Structure formats: structure tokens, C-alpha cells
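>>> sequence first, then the predicted structure:
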Amino acid sequence: MTRLVNRDRSLEELERDRWSAPSGGETRLMATVRELRRKPIGGLTVEDMRLLIRQDVGLAYLLPLAVEVLRADPLVEGDMYEGDLLAAVLTRSVEVWSEFPDLGQEVRLIASELAHVPPALEREIEGFLAR
């Protein structure tokens, strides 16, 4: 599945959904998510994508971008550990992958072809491939 998307646009623009300002306190995580939703998707870092994907934000736009990155380097690293973007992608729910079966197949191929699996990824890869 290749989705042509204007990478100069933010998730807010692409989804046509501007989150309202919080009425009370907001966690640092949610403040970061809110800020990243306003950033053009072409400017998102690996860490930005990892964080947003872990929060199930903008998956229709971010999963294809993440898979593009993972094709080039399956063990690319954000701020956490080697392969943390792959881990974020692998741990999305079964329902998510039923919406994006072509991407799921591509992720399955990427995960199954890894020659070296870092210990931090073993459980995620086994769980994803067992589905």
C-alpha cells in the first residue's frame, strides 16, 4: 500500500482534526503528542514517529512512513533502544493490522528477515509473527 501524502502537512491538517486546548493540566506526554501533531509529517524524526505510533496517533499516515524507514533499516533507533520504531509498529493491535493488511504483510516480511534480533525485540517479533 503506497499512499501519496503531502509530507509538508501536519497530522492535524491531514486528518482535518485540530485538538482543542486542554481545559486543565496535561501530561508532558500528551503535550508532546499535541505538539507533534502540528509538525509536518515529513519533518518527524524516528523518535517522533515511535512516540506517536505508540500512542496510536495518526496511524493511517505514520505507519506507511515508518515502514518506509524500516525497509531501509529495520533496527533504526529513536531515543529508547535499537529497533524501538519496529517495536512500536509490531505492538499495534490486531484491529489496526486488519485495517492495513498490505502494511502488515510488509512488516511481517521485515521482521521475519532479520538476521540479528536484539533481545529487546524478541517477544514483540514472536508475538507479531504468531498472529
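All right, it came through fine. Numbering: from 1, shown residues only.
>>> tell me the secondary structure for the spatially closest residue to residue 40 that is not a sequence neighbour?
Among residues not flanking residue 40 along the chain, residue 8 sits closest, at 5.1 Å (C-beta to C-beta, 6 or more residues apart in numbering). Heads up, the C-betas are built off the backbone N, CA and C, glycines and all. Recorded secondary structure, residue 8: coil (DSSP: H, G, I helix; E, B strand; the rest coil).
>>> tally of neighbours for residue 8?
10 (other C-beta atoms under 10 Å).
>>> might one say that it is in contact with residue 42?
Yes: Residue 8 lies in contact with residue 42 (C-beta atoms under 8 Å); the separation is 6.1 Å.
>>> who's in contact with the residue lying closest to residue 121 once chain neighbours are set aside?
Leaving aside its chain neighbours, residue 121 sits nearest to residue 83 (4.6 Å; criterion: C-beta to C-beta, 6+ apart). Shown in contact with residue 83 (C-beta atoms under 8 Å, 6 or more residues apart in numbering): 74, 75, 76, 77, 118, 120, 121.
>>> minimum pLDDT in those residues, which residue is that?
The pLDDT minimum for those sits at residue 120, where the score is 89.
>>> ok, it - contacts?
By C-beta under 8 Å, 6+ apart, the contact list for residue 120 reads 81, 82, 83, 84, 87.
>>> contacting residues around the residue sitting nearest the centre point of the chain?
Nearest residue to the geometric centre of the chain (C-alpha atoms, centre = their mean): residue 53, 3.5 Å. Applying C-beta under 8 Å, 6+ apart, we find residue 53 in contact with 59, 62, 63, 66, 85, 88, 89, 92.
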